[in-house]
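Colleague: Fold the following, please.
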Amino acid sequence: MWHGWPIERVLILFAGLAFVLIAVQVTLFHARQNFRHWAMWIPVLELPVFAVTAIVLSFVNAGWLRWVFALMMVVGMAGGVYGAYLHTVGVGQRVGGYSQGQNFLVGPPVILPLLITAIAALGLLALFW
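Modeller: Numbers count the residues shown, from 1 in each chain. This is a model prediction of the structure:
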């Protein structure tokens, strides 16, 4: 059982709440694009699981749950990097490709998947630091 609210516990809770908010935004963006690529389902399905796991872990400090959370954060980091790659490719597929700076504004957001990577890394840091 947790005793008090150490910074690790607060950061894990923060990561869980951040995953909730990112999940809503990603679902809206990918639904707007009609899930044209199968990989658009990855963050839509995994982010709510990450969020629930983090929030539950912040209240129940079970050893097995810590390892499940750690595994999920590693998957989240890899998925975020993969998403950034797909988004970068998507920007290049727009008319004018990378030479049109406007494509980075109206195309797939390259930074959003990296935010998932960063929050997952924060979760790992909070868990193991």
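Colleague: got a list of what residue 27 touches?
Modeller: residue 44 (Cβ atoms under 8 Å, 6 or more residues apart in numbering). C-beta coordinates here come from the backbone N, C-alpha and C atoms, glycine included.
Colleague: One more pass at 10 Å, please.
Modeller: Residue 27 makes contacts with 35, 40, 43, 44, 45, 47, 48, as judged by Cβ atoms under 10 Å, 6 or more residues apart in numbering.
Colleague: wait, which of those residues is closest to residue 97?
Modeller: residue 40 (21.1 Å; Cβ to Cβ).
Colleague: so what's that closest one scoring on pLDDT?
Modeller: Looking at residue 40, its pLDDT stands at 96.
Colleague: Identify the spatial nearest neighbour of it, chain neighbours not counted.
Modeller: residue 30 (4.2 Å; Cβ to Cβ, 6 or more residues apart in numbering).
Colleague: Quick check: the one you found touching residue 38?
Modeller: No: using Cβ atoms under 10 Å, residue 30 is not in contact with residue 38, being 11.0 Å away.
Colleague: When the two are compared, which one has more neighbours?
Modeller: residue 30 (19 against 7; other Cβ atoms under 10 Å).
Colleague: Spell out the secondary structure type for that one.
Modeller: Recorded secondary structure, residue 30: helix (DSSP: H, G, I helix; E, B strand; the rest coil).
Colleague: OK, contacts around it?
Modeller: For residue 30, counting by Cβ under 10 Å, 6+ apart, the contacting residues are 36, 37, 39, 40, 41, 42, 43, 44, 108.
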